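Colleague: I need the structure of the sequence given here:
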Amino acid sequence: MLQNFAFLDLGAPELIIILAIILLLFGGKKLPQLSKSLGESMRELRKGINGDVNENKDAAKNNPQESDKPQ
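Modeller: Numbers count the residues shown, from 1 in each chain. Take a look at the predicted model:
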């Protein structure tokens, strides 16, 4: 998971500071709701991205001559 953020060059101390700031801003009661909604949003985004890829593959399988045409 941390490899995804390698371009930000964040280490453990930076992540702890960011999490502490988030805790201060939103409070302990709102954090579970916030993390749940963030997880649902990421899940929907992945479904959308994977759905588009799968739709393109299905379209190519159903109409192979159309996928070979230049656009």
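Colleague: Residue for residue, what is the longest helix the chain has?
Modeller: helix 12-62 (DSSP state H).
Colleague: helices and strands around that helix, which ones?
Modeller: If contacts are counted by 3 or more C-beta pairs under 8 Å, 6 or more residues apart in numbering; DSSP states H and E, helix 12-62 sits against helix 64-67. Bear in mind the C-beta positions are built from the backbone N, C-alpha and C, glycine included.
Colleague: And the average pLDDT for the helix it packs on is what?
Modeller: For helix 64-67, mean pLDDT rounds to 56.
Colleague: For I21, give its distance to L15.
Modeller: Computed as C-beta to C-beta, to the nearest Å, the I21 to L15 distance reads 11 Å.
Colleague: neighbour count winner among the two?
Modeller: Neighbours were counted for I21 and for L15 using other C-beta atoms under 10 Å; L15 has more, 13 against 10.
Colleague: Check what pLDDT that one gets.
Modeller: Here the pLDDT value assigned to L15 is 87.
Colleague: That one and N50: what is the separation?
Modeller: Distance of L15 to N50, given as C-beta to C-beta: 28 Å.
Colleague: ok, I22 - how many residues close by?
Modeller: By other C-beta under 10 Å, the residues close to I22 number 14.
Colleague: which other residues reach stretch 14-21?
Modeller: Residues outside stretch 14-21 that contact it (C-beta atoms under 8 Å, 6 or more residues apart in numbering) are L10.
Colleague: count of residues packed around S35?
Modeller: By other C-beta under 10 Å, 12 other residues sit near S35.
Colleague: swap in K36?
Modeller: K36 has 10 neighbours, counted by other C-beta under 10 Å.
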